[in-house]
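Colleague: give me coordinates for this.
(2 chains)
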There are 2 protein chains.
Amino acid sequence: MRRTNTCGELRSRDIGKKVCLQGWVRFSRDHGGVAFVDLADRYGITQIVFDPEDVPKGTDVNNLSNIMRTFTRESVVSVNGIVRKRVEGTDDGRNPTGEIEVLITEAELLNRSNSPPFELGDQKEGVLPNEDTRMRYRYLDLRRTEMVQAIETRSKFVHLIRQYMEKNGFLDIETPILARSTPEGARDYLVPSRVHPGTFYALPQSPQLFKQMLMVGSMDRYYQIARCFRDEDSRKDRQPEFTQIDMEMSFVDAKDIQNMIEGLVAYIWKGLYGKNLKTPFMRIGYKEAMESYGSDKPDLRYGLKFVSLTETVKNAPYDIFQRIIKSGGIVAGINLKANIAGEKIGRNEVDRYIHQAKKFGLGGLTWMRCKDGKLDSNIVKYFTPEVLDKIKQKMGAEEGDLLFLIAGPWKSTYEGGGALRRKIAEDLDLVPKDEMQFLWLVDCPMFDIDPVSGKHDAFHHPFVLPENDLDAPYVGGACFDLCLNGNELGSGSIRIHNPELQREVFRKIGMSDEKIEADFGFFIEALGYGAPPHGGMALGVDRFVTLLLGKETIRDVIAFPKNKKAISLLDKSPAKVDESKLEELQIISMAIGDIDFDNLENTEE
Amino acid sequence: MRRTNTCGELRSRDIGKKVCLQGWVRFSRDHGGVAFVDLADRYGITQIVFDPEDVPKGTDVNNLSNIMRTFTRESVVSVNGIVRKRVEGTDDGRNPTGEIEVLITEAELLNRSNSPPFELGDQKEGVLPNEDTRMRYRYLDLRRTEMVQAIETRSKFVHLIRQYMEKNGFLDIETPILARSTPEGARDYLVPSRVHPGTFYALPQSPQLFKQMLMVGSMDRYYQIARCFRDEDSRKDRQPEFTQIDMEMSFVDAKDIQNMIEGLVAYIWKGLYGKNLKTPFMRIGYKEAMESYGSDKPDLRYGLKFVSLTETVKNAPYDIFQRIIKSGGIVAGINLKANIAGEKIGRNEVDRYIHQAKKFGLGGLTWMRCKDGKLDSNIVKYFTPEVLDKIKQKMGAEEGDLLFLIAGPWKSTYEGGGALRRKIAEDLDLVPKDEMQFLWLVDCPMFDIDPVSGKHDAFHHPFVLPENDLDAPYVGGACFDLCLNGNELGSGSIRIHNPELQREVFRKIGMSDEKIEADFGFFIEALGYGAPPHGGMALGVDRFVTLLLGKETIRDVIAFPKNKKAISLLDKSPAKVDESKLEELQIISMAIGDIDFDNLENTEE
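Modeller: All right, here's what the predicted structure looks like:
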């Protein structure tokens, strides 16, 4: 028996054809001695029917009946049969094959399945088992329509990227996975060398240095769908390994890179949805993003903009604000309009948000409500009517509106305010689910400066081209982020191509000359052999696809993800290894712990 | 200044245009006060000219002249200029831009290069520096035309594969790099887990188990350009990490997979060379390949076939042959025809080959020469004229032909003979360089059985579907190799889908039930949940491209390869790491060695 069609293929036009289908027994039911089976594969589901009264002459009905009895759930079977129209009234409009069914004439059990630990059928709308169980039996989980679609979309997404990059003259170049440990923020995964005991490779956190050296090597346009690795403590939506679309171009400016990426996203859009995506994307400066939305990846799909009140209240005799403003802090407000929010947030809810605000790192939360044409709250007594009127005006407050005021140091206060803004928007269901709002975050600083110690960190990374003299009071960096609906999809920048400037930036972020030489000597040396002006970008594939599909977690768009504790429940890794292997590597493990895969505590949050 | 054209783009049709070129100063010369510079990038070389007598009105000639003086070799520069026809007689027909040059009107040094450690120009035909130097400065090496072409071809090759696989409905699915150590022949690279101290991930030697589980997961058609890892002792042409085109299909037989791969290779052919490749490829059984060519990846581009003489000489009173044949060994001969080989191989050369034969593991090498119509040598006295005549007939020996006879145990003797055959063909220049001879090696055994101990190893790997009962005297395996010119490009097979049969095969190759459960329990469990009949193949990308380009080593088609000692001379890895990192991993390294990258012994062979 050779498969002639997939389970998603047959239509009315095929009625009368002899076919052979092979697939999985998803669901079966007996109806007056007639067996109806939903036969499933990646492509769809076709109803196959065994009707003892209606088989070709000469068929051994008993034998066929016996075979059909072996068709247990999720077993793999092969059937020959004839396509026929379903009985009037039993066709299924939701299923593309729903007008037909296949009358079985021959059948074979190809491989029996043990009883599956959870229900795969979509008809049943059964609640999914916990994620650990899905991971443990990922091969079963993958058969679910939702997972098939996720894997298919991801495959298509990645292929569209490749088509676009090839069309635009980019070379697909592989960079090493076994490389040098170069401190890039997160922890490296290390790989002990057996040939050179005592030394280690590191898995790359990104191909950053290699792609820059490819530009030094005149490759001009490089791209790679690159696997990257970060040994981070478990966070909601991180994986030890993840995938990025990585690209780099020579002889370009930031706008060239952004245009190329906008073209890419529009190409993906057209390919996935058949629709034109509006470009160019909106641009917003880092400062404005922070001061209006409390985020460097603002979600602009809903309003709730912060308005600065620092100037407005700076002379009001309210101690808390006074102290904050005098020490360089800010005061800002957000107006929850009466119709969308103000009326839904009563005194109890306000208290809950005050509590929430502290969790988000804010010192507190001040509120005022517009009532009878005036601002009212427990603190209005500290403000003159003139100041209150100015606040009302500045915030555009109207009858019934609720104002939330935040105050404190610039960065942490806006960040906390941004978290609060998101929480309110989610609570009040203000986020349009189907809107996709891309934007460029631009005009970023070169350094992140600790307000207390003055210590400089790279805002993006130390390879970004500074836009001013490094000793200037403010140094901008030629870097930018692509954001989607409040998520950062990736970062790009023009890079430093001058070896001396590169060295200066490393010094500025506190590296000693010895450390610079040890960690990045080879790279600075490379820049000294004719590095062209260049820049590039990287976009997270997992996250991008997750957002496009509206999934909760990147684990749902990865075929074989690890759980939140960096464990693969499917192949049971990481695991202990034979002592002899460690001996070969000349390493000793001080830990005697192992993972008890059968008794894992639930990793759900 | 913004680049308007690449250095490989301008032609006669562009004469008169104002252009901006940016690239590397490959070569410059002064000719009577006029400076000629070969400006290079990935796309080509354009001659740019600074002629102080011939600049636009208002040009500051002194300033321009000063800038030109900074244009040292391999520096990156930008020039504005006007395309003009070259002076009669100075055009360069070998260069596509050779009819024109660009008269410089403005110039800028973008980045100065230190004096390069080796010559990059192709004109000079300079001998390349040793490979270690090329690796150390790989970014310079990559600028050479030959390397650019290799990287471009590889990029195109891989993209053609992807186009073909997508056209044929394969899903591009990524499998984990951090996975479980499963003994698959070679040594694994291990990655200590920090979150679960005492446990390790392993880097995959291939995605074998994952791709099979994708079939269990109903993915039907999977492919991936997959990075694989093997911690092997340094061999001529192996890398710690390598790339394969990996694919798997459900509900297919071996022929389906071979057809799909032939289609792929033909598609690549058309894409790279614009030519149709003849398919189907020739098929040869394992036994015939071994007995005719002494190889399981025979090179059929030249003759030199072995002919079995076991039956012919089994009664001749030549002790050595007698003993060998009685203990189950074989005797075979190869005829070096007078015109192509026989006359070029005198007594001295014969002695050299006898010496060589021992190196190839042969017990010895017997020779006979056809002279005056008869076979002659120092051993003919041990043979009756009748036997000699039969040998002559069987070998088709004619006047002047030289026969080499090998004798011994089947496998090692044919393997040694195969090595000798290749050596002779190379020595006598019998290998047609431009011919590409693909073939399928088929009808392979399931097991490799040690003739002494009887120990069974998997001939390919233990996931191959056995074609007979496991207790049969000979068990065939549903596996096959694709070979090109005496090289194995990759292996494929139909896999076992029955969990019990899988367990039996593991037992047959000597694994205890405990070991099977510990190493492959999760995989056998997966087969028990409705694994469909499936099979697939993997082809080595590095080797395939290397052969297509006629390179000596796969290092020449990898952007950043490691040397034969698994060292990256560019980023100096593997390297020591901070003790604190090892503490976090709770491992101790017993070795205190480090690599002295500046004083490496030469790794050339």
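Colleague: what's the burial count for A:Glu579?
Modeller: Neighbourhood size, A:Glu579 [other Cβ atoms under 10 Å in any protein chain shown]: 10. All C-beta spots, glycine's among them, are computed from the backbone N, C-alpha and C.
Colleague: cool, and A:Glu514?
Modeller: 9.
Colleague: and the pLDDT for it?
Modeller: Predicted confidence (pLDDT) at A:Glu514: the value is 96.
Colleague: using PDB, write down the CA coordinates of the host helix or strand of it.
Modeller: Per DSSP states H and E: A:Glu514 is located in helix A:513-527. Once non-C-alpha atoms are left out, helix A:513-527 reads as follows in PDB (Å, rounded to 0.1, in the frame of the first residue of the first chain):
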ATOM      1  CA  ASP A 513      44.100  47.500  29.200                       C
ATOM      2  CA  GLU A 514      45.100  44.000  30.200                       C
ATOM      3  CA  LYS A 515      41.500  42.700  30.200                       C
ATOM      4  CA  ILE A 516      40.800  44.500  26.800                       C
ATOM      5  CA  GLU A 517      43.800  42.800  25.300                       C
ATOM      6  CA  ALA A 518      43.000  39.400  26.700                       C
ATOM      7  CA  ASP A 519      39.300  39.400  25.800                       C
ATOM      8  CA  PHE A 520      39.200  41.500  22.700                       C
ATOM      9  CA  GLY A 521      42.800  41.900  21.500                       C
ATOM     10  CA  PHE A 522      42.200  39.700  18.400                       C
ATOM     11  CA  PHE A 523      39.200  41.700  17.500                       C
ATOM     12  CA  ILE A 524      40.700  45.100  17.900                       C
ATOM     13  CA  GLU A 525      43.600  43.800  15.800                       C
ATOM     14  CA  ALA A 526      41.200  42.800  13.100                       C
ATOM     15  CA  LEU A 527      39.700  46.400  13.000                       C
END
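Colleague: so what touches that helix?
Modeller: When contacts are defined by Cβ atoms under 8 Å, 6 or more residues apart in numbering or on different chains, helix A:513-527 is touched by residues A:182-183, A:209, A:212-213, A:216, A:496-499, A:502-503, A:506-507, A:511, B:111, B:139, B:570-572.
Colleague: give me that answer again for 6 Å
Modeller: Contacts of helix A:513-527 with the rest of the structure, by Cβ atoms under 6 Å, 6 or more residues apart in numbering or on different chains, involve A:182, A:209, A:213, A:216, A:499, A:502-503, A:506, B:139, B:571-572.
Colleague: can you name the next helix or strand after it?
Modeller: Downstream of helix A:513-527, the next assigned helix or strand under DSSP H and E is strand A:534-540.
Colleague: direction included, what does that next one pair against?
Modeller: strand A:241-250 (antiparallel), strand A:487-494 (antiparallel) (DSSP bridges).
Colleague: out of those strands, which is the most enclosed?
Modeller: Among these, strand A:241-250 has the highest mean neighbour count (mean count of other Cβ atoms under 10 Å in any protein chain shown), at a mean of 24.
Colleague: now do whichever helix or strand comes after that one: which elements does it pack against?
Modeller: Per DSSP H and E, the first helix or strand lying C-terminal to strand A:241-250 is helix A:254-273. Secondary structure elements in contact with helix A:254-273, counted by 3 or more Cβ pairs under 6 Å, 6 or more residues apart in numbering or on different chains; DSSP states H and E, are helix A:145-167, strand A:534-540.
Colleague: so what's the closest residue to A:Val541 other than its chain neighbours up against?
Modeller: Leaving out its chain neighbours, the residue that sits closest to A:Val541 by Cβ to Cβ, 6 or more residues apart in numbering or on different chains is A:Thr243, at 4.2 Å. Applying Cβ under 6 Å, 6+ apart, we find A:Thr243 in contact with A:227, A:541-542.
Colleague: quick one on the thing from earlier: and the contacts of helix A:513-527, which of them are in helices?
Modeller: With DSSP state H as the criterion, helices contain A:209, A:213, A:216, A:499, A:502-503, A:506, B:139 from among the contacts of helix A:513-527.
Colleague: max pairwise distance over the residues you listed: which two?
Modeller: Across those, the longest distance by Cβ to Cβ is 19.4 Å; it joins A:Phe506 and B:Tyr139.
Colleague: which residues pair with the closest residue to A:Asp256 other than its chain neighbours across the strands?
Modeller: Nearest residue to A:Asp256, sequence neighbours excluded (Cβ to Cβ, 6+ apart): A:Met249, at 6.7 Å. For A:Met249, the beta-bridge partners are A:Arg221, A:Gly535 (DSSP bridges).
Colleague: returning to what we had before: columns pLDDT on top of the contacts of helix A:513-527, output as a markdown table?
Modeller: A markdown table is the format used below for the contacts of helix A:513-527 (pLDDT from 0 to 100):
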| residue | pLDDT |
| --- | --- |
| A:Thr182 | 74 |
| A:Leu209 | 96 |
| A:Met213 | 98 |
| A:Val216 | 98 |
| A:Pro499 | 98 |
| A:Gln502 | 98 |
| A:Arg503 | 98 |
| A:Phe506 | 97 |
| B:Tyr139 | 98 |
| B:Asp571 | 94 |
| B:Lys572 | 94 |
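Colleague: what's the most distant pair in those residues?
Modeller: A:Phe506 and B:Tyr139 (19.4 Å).
Colleague: pull the number of nearby residues for the residue of the stretch 401-550 of chain A found nearest chain B.
Modeller: Nearest to chain B, among the residues of the stretch 401-550 of chain A, is A:Gly530, at 3.5 Å (Cβ to the nearest Cβ). The number of residues packed near A:Gly530 is 28, by other Cβ under 10 Å.
Colleague: list the residues that contact it.
Modeller: B:24, B:74-76, B:111, B:113.
Colleague: equivalent analysis for A:Gln212, please.
Modeller: Taking Cβ under 6 Å, 6+ apart as the test, what A:Gln212 contacts is A:Arg495.
Colleague: could you redo the last one with a cut-off of 10 Å?
Modeller: Counting by Cβ atoms under 10 Å, 6 or more residues apart in numbering or on different chains, A:Gln212 touches A:222, A:248, A:463, A:495-497, A:502, A:523, A:526-527, A:531, A:534-536, B:139.
Colleague: try A:Ile345
Modeller: A:336, A:352-353, A:367, A:369, A:402, A:404, A:424, A:427-428.
Colleague: return the subset of those lying in strands.
Modeller: A:336, A:367, A:369, A:402, A:404 (DSSP state E).
Colleague: pull the most distant pair out of those.
Modeller: Across the ones in strands among the contacts of A:Ile345 (Cβ to Cβ), the longest gap, 10.4 Å, separates A:Arg369 and A:Phe404.
Colleague: now the common contact residues for these two.
Modeller: In contact with both A:Arg369 and A:Phe404: A:336, A:345, A:350, using Cβ under 10 Å, 6+ apart.
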